[in-house]
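K.L.:
Just to be clear, the model below is a prediction. Sequence and coordinates:
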Amino acid sequence: MNTIPPLPRIVIEPMVRRALAEDFGTAGDLTANLLVPASANAQLYFKSRGSGVVSGLQAAVLTYALVDPDVEFDIHSPDGSKVRKGTVIASVSGPVRSLLMAERTALNFMGRMSGIATLTAKFVAKTAPHNVRIAATRKTTPGLRALEKRAVLHGGGHTHRGSLSDAIMVKDNHIALAGGVDKAVRAVMAGADHMTKVSIEVDTVAQFKKVLKHRPDVILLDNMSLDDLRECVALNKNKVMLEASGGVNFRTVAAIAATGVDVISVGALTHSAPNFDIGLDT
């Protein structure tokens, strides 16, 4: 299990509040308020309905805390835990109306983030024989990036840039608008702050050779064939970090890892992860 520090509450709380406001609408849970006495109490269990990696518990805990501070939320399988079908991930106890009101929002966070963590773990396992990092991208759900990036960490992956301000990444459009690879690289290398890493994207071996002369921190090899990736690795001689990206999927990732690149970025970790099925049961 990965022990990843929790997100600061100031980061995560706005996400949870928005989700609750969306679910409560203008009148809250009409069904529970009509069917369940205000005095009723119970204990319910979040159970896995498949095998995977847990994530999203921090958001689920905060969901219940914001709905009703009298609800007790006990975690049995922390974020980063590997679980099987039927595993009790957490339990909640307290007023039944509150348990039901927060149920869907908590499950949405847990299902989405556990799906990302589970998919990430599969990619990491697929590339385990090689010394390579599996990294997420900025292809995240608007407003949920911090949670989705944290889910990638829970699955054993890495997070790449969290925002445009985290690092300089010169991509194909930047190069075209700057007037070519050499001009673009010289401009960013001259102007970059000494604490800021610089990554340059290339899509041909010829471009790679030009960029390598400038020694950026990272060269991103975009949509290259396996032969081209191997050639770039051989030319590099461990001078800079090499990242492969572009259309990476579960069928191709092992072969890409075998070329010797240092990082493989996979947009699918966050934009195409299936929901992980979790239920709240008695």
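P.N.:
Looks like it came in fine. Note that the structure is predicted; figures quoted are calculated from it, not measured.
K.L.:
how about the lengthiest helix in the chain: buried residues?
P.N.:
Longest helix in the chain by number of residues, with DSSP state H as the criterion: helix 96-126. Residues of helix 96-126 classed as buried: 96-103, 105-124, 126 (neighbour count, 16 or more other CB atoms under 10 Å). Quick note: C-beta positions are derived from backbone N, CA and C, even for glycine.
K.L.:
how far is that helix from where the chain is centred?
P.N.:
Remark: helix 96-126 is offset 12 Å from the chain centroid, using CA atoms, centre = their mean, to the nearest Å.
K.L.:
Which positions in the very next helix or strand once past that helix come out as buried?
P.N.:
The first helix or strand that comes after helix 96-126 along the chain, using DSSP states H and E, is strand 133-135. For strand 133-135, the neighbour count (16+ other CB under 10 Å) marks 133-135 as buried.
K.L.:
mean confidence for strand 133-135?
P.N.:
Averaged across strand 133-135, the pLDDT comes to 98.
K.L.:
Remind me what that strand packs against, helices and strands.
P.N.:
On a contact count with 3 or more CB pairs under 8 Å, 6 or more residues apart in numbering; DSSP states H and E, strand 133-135 meets helix 96-126, strand 263-265.
K.L.:
Dump the ones you listed to CSV, plus mean pLDDT.
P.N.:
Converted to CSV, those look like this (pLDDT from 0 to 100):
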stretch, mean pLDDT
helix 96-126, 98
strand 263-265, 98
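K.L.:
export these to CSV and tack on distance to residue 14?
P.N.:
Formatted as CSV, those follow (distance: least, CB to CB, whole Å):
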stretch, distance to residue 14
helix 96-126, 13
strand 263-265, 27
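K.L.:
of all those, which lies closest to residue 167?
P.N.:
With CB to CB as the criterion, residue 167 lies closest to strand 263-265 of those, at 12.7 Å.
K.L.:
Next, the buried residues of the next helix or strand after that closest one.
P.N.:
With elements assigned by DSSP H and E, the helix or strand that comes after strand 263-265 is helix 268-271. Within helix 268-271, the residues scored as buried using 16+ other CB under 10 Å are 268-270.
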